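K.L.:
let's see this in three dimensions:
(one chain, ligands or ions: 1)
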Amino acid sequence: MQLSCVSSRASRGVRRQLLFQRIRNGSAYRRSLHTQPFDAAIIGGGITSLTAAYRLSQQEDCKKVTLYEKSARPGGLLQSEVVPVDGGDVVFEYGPRTLRTGPLSCLPLVNLVSSLGLADDIVPTSKRAAASTNRYIYYPDHLVRMPAPYPDQGALSFFWSSFRTVTTEPVFESFLSGIFGELSKLPRPHVRDESVARFISRRFNQKIADNLVSALYHGIYAGDINVLSAKALLGPYWDLEMKDSGVALGFVDMKRRGRKFRYMDDFLAMTACIRGVSKENRRAVLERLAGASVFTFKRGIGQLAEALVDSMKESGKVEIITDARVNSISQNTKTSDLTIRFGHNDSNSRVHNRVIATTPAPELAKILDTRSPKEANQNHPSKTVRSLQEYDYAVSVMIVNLYYPSPDIIPVEGFGYLIPQSIPMEQNPERALGVIFGSQTSIGQDTAPGTKVTVMLGGHWWDDWEESDLPDHDTAVSMARSLLERHLGIKDTPSVARTRLQRNAIPQYTVGHMTRMQELSNNVREEFHHRLTLAGNWYGDAGVTDCVKQAYLASTYGMGAKLSEDNEIRMLYGSEPWTKYAYREWDLEGGIVTSPVRFFEQSEPMLRVVNAFPAIRRR
Ligand SMILES: C=Cc1c2[nH]c(c1C)Cc1[nH]c(c(CCC(=O)O)c1C)Cc1[nH]c(c(C)c1CCC(=O)O)Cc1[nH]c(c(C)c1C=C)C2
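P.N.:
Residues are numbered from 1 along each chain as shown. Sure, this is the predicted structure:
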């Protein structure tokens, strides 16, 4: 039924009621699945895998879920430790430490947290807190606060303080000329992709790329902007260049007219969020997140993984097998079912109808590149293996967590600071990427009164290093301490120091990434007959919020659910962005589940959808 047929408020109300009934008893959802009941396997134990397994366990059509995790502990990069110290506890993170609350993109995460009943454990960081407004770049030998309005600061005062910073700080050298120069730049000639550094240098200038943008990408990907892909990482800004106005004016125009570009995937994921969560639970989470920029949990981000595991144990439908290294996945050419061989002894094997793999590309290439002599009816997925083999670049990060008994030893208030690639070598011989003032980014998490700091070392700086060159615990701690003394004047001795080297933890989306992912997805669909789905930070974006979104997409559309016109979103909100496109031809089953239309401009009815979640609206 089309919403345009709806003429009166009353009939809209009735339809809405009917819809809620259908959603409650699950019929709207079941109706859209075009598959038979299935048995699913998940390979990997990180946040994407756990979320996908949890979501599948709630689907009637999914009879059983088996999750294979190679290590002894599920959770992947989500690793938190509660350390008792004098006067209380301190929570250390060895992976992601805060969760984004950006509008729309975080709906699956909000849905998940609500569904797990974690509202009371949320530790929000207010948008007005220093950690949200004060972000620094260290250049060339001091901290520079990036222009951002203080809470309640007037527009004029903000303008003058920003103008002073931009015209006096060396980190902003050539900034204004770069911005004004961009206004007269012509759109690029046909270029399929280029590095972030090249794009920024071409449109603005190299100083802006080296001093500012490189710092930002250290904080997200620990990566080198000279190789990271502009098309993959700059989102709609990469496309703005092709408009008449160019990037800077286009940006101002978007802000002025309130125009917003949205990822189509966010809307697709939203369709999977409507069911399964009680209104009370969702309201409780949204209330906790009201006015927050990011959040974490009382016992750290790892609590999310623990809650997922606990909840799945209760469901009785999910089997989590730890210490289970998957050795091969092969497909029966007659039934299309997938056989997984795992463990030290290859005689462990199980057959599944569908598989979701979150395994890093180089490892997955090896798993798929095996031909089992025991199975006659199987093909070799050579195109998939080749695509995976082309994708083998990830960086390692050394996380150094320090706790000092004294409070207030950091000379400024804020989130922390990032270090750009252009920093003089004598200011950063440790090859640090950034420092986080942990006590300030998650106020209320630690019960101990002291100061928590995290220093991040390595990333792309360690690309050519041998294993023996990487710092051990003691070296990493002394590197972090000398950096903090040089940059912040901290001479105290930490009472606790914990380190973890996260090897090849952050995949790098280099130039050509989007095309390679498209090819990989097509190859997987073709060679595995839509029965194998890839998800996780290697195949989508890297943040926890994005991984949760991908898990939602993989466990619905990846499993064969169909996008429809007559669905919940249209009935509830009066608009579906995909109906403008030939969405019936979109192939979302198996492969990497992502819409072929990457962005669309948000229309008025969609704005209402976003505004339905006031807690997560941007300032
Ligand atoms: C293990 C280290 C990691 C570094 N980056 C990531 C990890 C897991 C992945 C990552 N971090 C951020 C994003 C952006 C999207 C998001 O979901 O937030 C991604 C993909 C942002 C981010 N980076 C740092 C923090 C505290 C945040 C949270 C968001 C915010 O408040 O803006 C700090 C940080 N992470 C890394 C470094 C080197 C670093 C430096 C201070 C590497």
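K.L.:
residues in the stretch 1-150 of the chain within reach of the ligand, list them.
P.N.:
Within the stretch 1-150 of the chain, the positions near the ligand by CB under 6 Å from any ligand atom are 77, 95-98, 100. Where C-beta positions appear, they are placed from N, C-alpha and C, glycine not excepted.
K.L.:
below-threshold pLDDT in the stretch 301-450 of the chain: ranges please.
P.N.:
Of all residues in the stretch 301-450 of the chain, those with pLDDT under 70 make up the ranges 371-378.
K.L.:
which parts of the stretch 1-150 of the chain are helices?
P.N.:
9-25, 27-32, 47-57, 107-115, 130-133 (DSSP state H, counting those that start in this stretch).
K.L.:
do the same with the stretch 151-300 of the chain
P.N.:
Under DSSP H, counting those that start in this stretch, the stretch 151-300 of the chain gives helices at 155-168, 175-182, 196-203, 206-207, 214-221, 230-233, 236-240, 246-257, 264-271, 279-289.
K.L.:
chain center to the last one: distance?
P.N.:
Distance of helix 279-289 from its chain centroid, counting by CA atoms, centre = their mean, to the nearest Å, is 22 Å.
K.L.:
other SSEs contacting that helix?
P.N.:
helix 107-115, strand 122-126 (3 or more CB pairs under 8 Å, 6 or more residues apart in numbering; DSSP states H and E).
K.L.:
need the winner for burial among the ones you listed.
P.N.:
helix 107-115 (a mean of 25; mean count of other CB atoms under 10 Å).
K.L.:
now do that one against helix 47-57, angle only.
P.N.:
Calculated by axes from the mean of the first three to the mean of the last three CA atoms, to 10 degrees, helix 107-115 forms an angle of 60 degrees with helix 47-57.
K.L.:
not counting its own residues, what contacts helix 107-115?
P.N.:
51, 54, 99-101, 119, 122, 266, 269-270, 272-273, 276-278, 281-282, 284-286, 289, 304, 544-545, 548-549, 551-552, 613, 616 (CB atoms under 8 Å, 6 or more residues apart in numbering).
K.L.:
that helix - what's its average pLDDT?
P.N.:
Throughout helix 107-115, pLDDT has a mean value of 93.
K.L.:
check stretch 82-95 too.
P.N.:
Mean predicted confidence for stretch 82-95 is 98.
K.L.:
try stretch 130-137
P.N.:
Rounded mean pLDDT across stretch 130-137 is 97.
K.L.:
which outside residues touch that stretch?
P.N.:
In contact with stretch 130-137 (CB under 8 Å, 6+ apart) are residues 125-127, 143-146, 148-151, 171, 211-212, 215, 293-294, 412-420, 437, 440-441, 443.
K.L.:
try it again at 6 Å.
P.N.:
125, 143-146, 148, 150, 171, 215, 293, 413-415, 417-418, 440-441 (CB atoms under 6 Å, 6 or more residues apart in numbering).
K.L.:
for the stretch 351-500 of the chain, just list every one of the helices.
P.N.:
Along the stretch 351-500 of the chain, counting by DSSP H, counting those that start in this stretch, helices occupy 361-368, 382-389, 438-441, 473-488.
K.L.:
which one of those helices is the most hemmed in?
P.N.:
Mean neighbour count (mean count of other CB under 10 Å) peaks for helix 438-441 among these, with a mean of 24.
K.L.:
residue 60: neighbouring residues, count only.
P.N.:
Counted with other CB atoms under 10 Å, the neighbours of residue 60 add up to 10.
K.L.:
coming back round to it: so which of the helices of the stretch 351-500 of the chain is nearest the ligand?
P.N.:
The ligand sits nearest to helix 438-441 of all those, at 6.1 Å, using CB to the nearest ligand atom.
K.L.:
what residues does this structure have near the ligand?
P.N.:
77, 95-98, 100, 218-220, 222, 294, 397, 399, 415-416, 418, 433-434, 436, 456, 502, 505-506, 542-545.
K.L.:
buried ones among those residues?
P.N.:
Listed as buried from the residues of the chain next to the ligand are 77, 95-98, 100, 218-219, 222, 294, 397, 399, 415-416, 418, 433-434, 436, 456, 502, 505-506, 542-545; burial here means 16 or more other CB atoms under 10 Å.
K.L.:
next step: the residues you listed restricted to strands.
P.N.:
Using DSSP state E, the subset of these located in strands is 100, 294, 397, 399, 416, 418, 433-434, 436, 456, 502, 505-506.
K.L.:
output the residues you listed as CSV; include the columns distance to residue 314.
P.N.:
Converted to CSV, these look like this (distance: CB to CB, whole Å):
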residue, distance to residue 314
100, 28
294, 29
397, 34
399, 32
416, 38
418, 41
433, 40
434, 39
436, 35
456, 36
502, 30
505, 30
506, 33
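K.L.:
nearest residue to residue 231 other than its sequence neighbours?
P.N.:
Closest residue to residue 231 apart from its sequence neighbours, by CB to CB, 6 or more residues apart in numbering: residue 193 at 4.3 Å.
K.L.:
likewise residue 498?
P.N.:
Residue 498's closest residue in space is residue 401 (CB to CB, 6+ apart), at 4.7 Å.
K.L.:
what is the neighbour count of that neighbour?
P.N.:
Quick note: residue 401 (other CB under 10 Å) scores 26 neighbours.
K.L.:
mark out where each domain of the chain begins and ends.
P.N.:
Structural domains annotated on the chain: 38-75+265-389+511-602, 128-156+394-507, 157-263, as defined by the TED database.
K.L.:
can you tell me which of these is most buried?
P.N.:
Mean neighbour counts for those (mean count of other CB under 10 Å) peak at domain 38-75+265-389+511-602, with a mean of 20.
K.L.:
pretty sure residue 558 contacts residue 535?
P.N.:
No - taking contacts as CB atoms under 6 Å, residue 558 lies outside contact range of residue 535: 7.2 Å.
K.L.:
looking at the domains of the chain, which is closest to residue 86?
P.N.:
Minimum separation from residue 86 across the domains of the chain (CB to CB) falls at domain 128-156+394-507, 6.1 Å.
K.L.:
could you list the low-pLDDT ranges of the stretch 101-250 of the chain?
P.N.:
If you take pLDDT under 70 as the line, the stretch 101-250 of the chain has these spans: 244-245.
K.L.:
spatially nearest residue to residue 44 (excluding sequence neighbours)?
P.N.:
residue 358 (3.6 Å).
K.L.:
OK, contacts around the one you found?
P.N.:
44, 46, 48-49, 535-536.
K.L.:
which of those residues sits closest to residue 317?
P.N.:
For those, the nearest to residue 317 is residue 49 (15.3 Å; CB to CB).
K.L.:
circling back: any figure for the gap between the residue nearest to residue 44 and the ligand?
P.N.:
Distance, residue 358 to the ligand, using CB to the nearest ligand atom, to the nearest Å: 15 Å.
K.L.:
what does residue 549 give?
P.N.:
Distance, residue 549 to the ligand, by CB to the nearest ligand atom: 11 Å.
K.L.:
residue 587 now?
P.N.:
Counting by CB to the nearest ligand atom - residue 587 and the ligand are separated by 27 Å.
K.L.:
quick check, that residue in a strand?
P.N.:
No - read with DSSP: H, G, I helix; E, B strand; the rest coil, residue 587 is coil and lies in no strand.
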